[in-house]
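Q: quick check, what structure comes out for this input:
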Amino acid sequence: MIKKVLFHIYSLSKGGAERVVTTLAGEMARRGLEVCVATLTRGEKEYPLAEGVRRLDVGLSEEEEKKGKIGRVRTRIRHLRDCLKKEKPDVVFAFMQTANYRAVMAARPLHIPVIISVRSDPSVDYAGKMQKKLSAYLYKRAAGAVFQTEQARDFFPAEVAEKAAVLLNPLNPRCMEDHGQPAERRKAIVSVGRHHEAKDYMTLAKAFGHFHKDHPDYTLEIYGGDSGDNTRLCVQEYVHAHGLDEAILFMGDREDVDRCIADASAYVLSSKYEGMPNALMEAMALGLPVIATDCPCGGPAALIRDGENGLLVEVKNPKEMAAAMTKMIESPEDAERCGREAAKLRELASTERVTDEWLAYAEKRING
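A: The predicted structure is shown next:
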C-alpha cells in the first residue's frame, strides 16, 4: 500500500501542471500520506502547498549553474537521485517532459517506481526525432504513465500506451460550489489563460471583431498574465488598429478570476493546441456557456459534447468562432441549458475523485 509519495516538477510557478501537483499533493496529505514535492527552482508567484506537504530543493547551486549543458543535466539527475535515496518514497509522480526524463533516470538504479505524466500536446513537445527516441526509451521504463487525453496517449509507442491511464485534472476547489445560474448575465464574452502563441488570442480578437459588428454592446474580457513571447503586444496592436480598444479588454492576472467571469454570457477557449485545459474545465464547472476550439491533443473534445454542454469550433477559424458566440447570445435558453450540462463536470473532476483514480492507478502499476 502506498504510504509515501514524491512529486517532481520543475517549479510551482502558476500553470496548469503546477496547480494539479499542488492540488493532488494537498489531498493526499489530507488523507494521511507522507507527501513531498521536489522542485528545481522557486518562482515569484507560485501555488501554495497545503499543510503537511514538504517542499524539497533539488536544483543547482550558483557554482553548478556554471557547468556546461551536459554537466548541468547530470548534476540535476544526481541531486534528485540523492533526494530519492534519502526520502525512499513508495512512488514518484513526475510532471512534464524534462521532469519525467529526470525522474526515470534518477529512480531506475534505486528501483523506485515512477509514474510519468504528459501535460501538453505531444505532437508539439515530442515532434523531433531525438525527443521521440528519448521518450520512447525512458517512458517504457517507467512504472506507468498518465495522460490527459486518449489522443495524447496514442502518440506514444504501444509499450507506453498499453500501461497508461487517461485521467481528468482535479478541478480548482473554488469552482466546486454550486451557485446556480445567475439571474442575469453580463454582456461580456470572457477567456482565461496566459498570453502565449498556443492560446491564439489573435483569432479570438478577430472573431470578436466580427461578432461586435452586430452586437456593439458586448465586450470581450481576456484574463491572464504575459508569457513574454510578444503575443500580447501583437494582439493589442491589432485591437488598436481596428478600433476595438473599448470593446476588447485585457484584464491581467487575477486571483479571483472565477468570481470575475461567473456571470459572463459565454466563455471562449481559442487555443491552437492544449493538453487538458484547466481554464475551460473551471468555466464549465461554473456553469458558463462555453465555446472551444476542437484542438489537438483532444482536450476540449473530451470535455464538450457539441451542442449539449458547449460548442466546438474549428481551430483558427474566426468566422466560425464568431457564429458560435452569436448562437450563444441569440439563443439564451439553449446557452443556459449548455451551462447546466457543463456544470455536471464537477461530479467527474472533484479533487477527491481524481485523487482516488491517481492512487488506484499507481497501486495497480506498482503492485499489480
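Q: Glu87 contacts Val37, correct?
A: No: taking contacts as C-beta atoms under 8 Å, Glu87 lies outside contact range of Val37: 11.1 Å. Heads up, the C-betas are built off the backbone N, CA and C, glycines and all.
Q: intersection of neighbour lists for those two?
A: The contact sets of Glu87 and Val37 overlap at 6, 56 (C-beta atoms under 8 Å, 6 or more residues apart in numbering).
Q: who has more neighbours, those two?
A: For Glu87 versus Val37, neighbours defined as other C-beta atoms under 10 Å are more numerous around Val37 (22 against 17).
Q: name the nearest residue to that one, ignoring sequence neighbours.
A: Using C-beta to C-beta, 6 or more residues apart in numbering and skipping the chain neighbours, the partner closest in space to Val37 is Phe7 (4.6 Å).
Q: enumerate every residue touching the one you found.
A: By C-beta under 8 Å, 6+ apart, Phe7 lies in contact with 21, 24-25, 35-38, 92-95.
Q: got it, and Tyr273?
A: Tyr273 neighbours (C-beta under 8 Å, 6+ apart): 120-121, 123-124, 198, 295-297.
Q: can you give the contact residues for stretch 256-263?
A: With C-beta under 8 Å, 6+ apart as the test, stretch 256-263 has contacts from 172, 174-175, 179, 182, 184-186, 190, 192, 221, 223, 251, 254, 267, 282-283, 286-288.
Q: can you do 7 Å?
A: For stretch 256-263, contacts defined as C-beta atoms under 7 Å, 6 or more residues apart in numbering pick out 174-175, 179, 182, 185-186, 190, 192, 223, 254, 267, 282-283, 286, 288.
Q: and the contacts of Phe7, which of them are in helices?
A: Among these, DSSP state H puts 21, 24-25 in helices.
Q: before we move on, back to that, and the contacts of Tyr273, which is closest to Glu336?
A: Nearest to Glu336 among these is Cys295, at 25.6 Å by C-beta to C-beta.
Q: show me the strands in the stretch 151-300 of the chain, by range?
A: Listed in chain order, the strands of the stretch 151-300 of the chain (DSSP state E, counting those that start in this stretch) span residues 164-166, 188-192, 219-223, 248-252, 266-269, 290-293.
Q: direction included, what does the first one pair against?
A: The one in question is strand 164-166. strand 144-147 (parallel) (DSSP bridges).
Q: what separates the partner strand from the chain centre, distance-wise?
A: 15 Å (C-alpha atoms, centre = their mean, to the nearest Å).
Q: repeat for stretch 173-193
A: On C-alpha atoms, centre = their mean, the centre of stretch 173-193 falls 19 Å from the chain's centre.
Q: same thing with stretch 224-236?
A: Using C-alpha atoms, centre = their mean, the offset of stretch 224-236 from its chain centre is 19 Å.
Q: show me what the longest helix along the chain is packed up against.
A: Counting residues, the longest helix found in the chain (DSSP H) is helix 69-87. Using 3 or more C-beta pairs under 7 Å, 6 or more residues apart in numbering; DSSP states H and E, the elements in contact with helix 69-87 are strand 34-39, helix 97-107.
Q: could you dump those into TSV and include distance to Glu65 and mean pLDDT?
A: Formatted as TSV, those follow (distance: least, C-beta to C-beta, whole Å; pLDDT from 0 to 100):
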stretch	distance to Glu65	mean pLDDT
strand 34-39	16	98
helix 97-107	16	98
